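build me a structure from this.
(one chain, ligands or ions: 1)
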Amino acid sequence: MKRGISAGPRSFRSSHAFLIRSVDAGETDRRISFLTESDGLVTMVAKAARRSRKRFGGTLQKYFLLDVSWTESPGRMAVLDSTALVESFWEIAADWEKVRHADYLLELTATLFPQPGPKPRAFGILLWGIRSLALGVSPAAVGRKTEAVLLSVGGWGPDLGACRRCGRHTEALRKGSGGTVRFFPDEGGFLCGTCSSKGGIPLSLGAVKTWKAIQASSPPLLGRVRISDGILEELQQVMPQYVELYLGRTLRSLGGPPSF
Ligand SMILES: [Zn+2]
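Numbering: from 1, shown residues only. Down below sits the predicted model:
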């Protein structure tokens, strides 16, 4: 059997997906990165998508849960075959705070999990976050919960189980010892009030316990973890900073005024 050089084995794939980025490619096409549940981050060519908005039925937007089908051929960029809308979270587009947080969650997930391969847990958490934003849950609370669980799923901590020096368990720490611990982002953990009274970022025991509870949760239970306004404000000061330190850079969508 004769085969042309380009006629390698093709594979046809399909998965739930979120659109992460879309840029023009040539005069008629677009190049689109999707975060897919089955294959992680996949960049593909959407042929004629630039020439005709109707080509993919108007579905090539962020904040849509899509079912995408594509073809992979060795040595070539994947080609998008079709898309179908599964669930719309378009309510997000009407509110700048929601947009900012949704863009952040999309970018964060794609940045934390760039490797090919199935991503069912990370995808499920992202979906929970996007859906919660669309439903009107506090963007800051959704942001912190999603961040904490994504980091935990990826194995990036931080380890909030015990003081890094004396090893006393978080649950055994009492408010008597100052009620405040010192969180050291670059060490991925904290020192209790007895072990240290300076350096790092001060965090209340309540904030540490809440962060730890979020780490151990997953959708849909994640929605039930209560974060008081005070603790949310504390976590707001430390968690995005921890993420940036871990990633070694600022995510574009984190720019802009703080949401608190
Ligand atoms: Zn200690």
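
pLDDT weak spots in the stretch 51-200 of the chain?
Within the stretch 51-200 of the chain, the ranges that satisfy pLDDT under 70 run 175-178.

please point out which parts of stretch 103-116 sit buried.
Across stretch 103-116, burial judged by 16 or more other Cβ atoms under 10 Å covers 103-113. (Glycine included, C-beta is placed from N, CA and C.)

same question for stretch 164-174.
164, 170, 173.

got it, and stretch 26-41?
Applying 16+ other Cβ under 10 Å to stretch 26-41 flags 29-41 as buried.

sitting in strands, which of those residues do you find?
Those of those mapping onto strands are 29-36, 40-41, per DSSP state E.

what about residue 58, distance to residue 84?
Distance, residue 58 to residue 84, by Cβ to Cβ, to the nearest Å: 12 Å.

quick one: the strands in the stretch 51-200 of the chain?
64-72, 78-88, 180-184, 189-191 (DSSP state E, counting those that start in this stretch).

which strands and helices sit next to the next helix-or-strand element following the shortest one?
Following strand 189-191 in sequence order, the next helix or strand is strand 201-204 (DSSP states H and E). Contact here means 3 or more Cβ pairs under 8 Å, 6 or more residues apart in numbering; DSSP states H and E; on that basis strand 201-204 packs against strand 180-184, helix 229-247.

pull the contacting residues for residue 82.
If you count contacts by Cβ atoms under 8 Å, 6 or more residues apart in numbering, residue 82 has them with 56, 68-69.

name the member of these with the most neighbours.
Counting neighbours by other Cβ atoms under 10 Å, residue 68 leads those with 27 neighbours.

check which helix or strand covers the spatially closest residue to it that is not a sequence neighbour.
Distances taken as Cβ to Cβ, 6 or more residues apart in numbering place residue 17 nearest to residue 68, at 4.6 Å, with adjacent residues excluded. Element membership of residue 17 [criterion: DSSP H and E] is strand 11-25.

buried ones in stretch 128-145?
128-134, 138-145.

thought residue 129 was touching residue 145?
Yes: in terms of Cβ atoms under 8 Å, residue 129 counts as a neighbour of residue 145; the distance is 7.4 Å.

now the end-to-end length of stretch 43-54.
The first and final residues of stretch 43-54 sit 20 Å from each other (Cα to Cα, to the nearest Å).

offset the numbering so it begins at 745, please.
Fine by me, first position is 745 from now on; the one you just mentioned is stretch 787-798.

off-centre distance for that stretch?
Relative to its chain's centre, stretch 787-798 lies at 26 Å (Cα atoms, centre = their mean, to the nearest Å).
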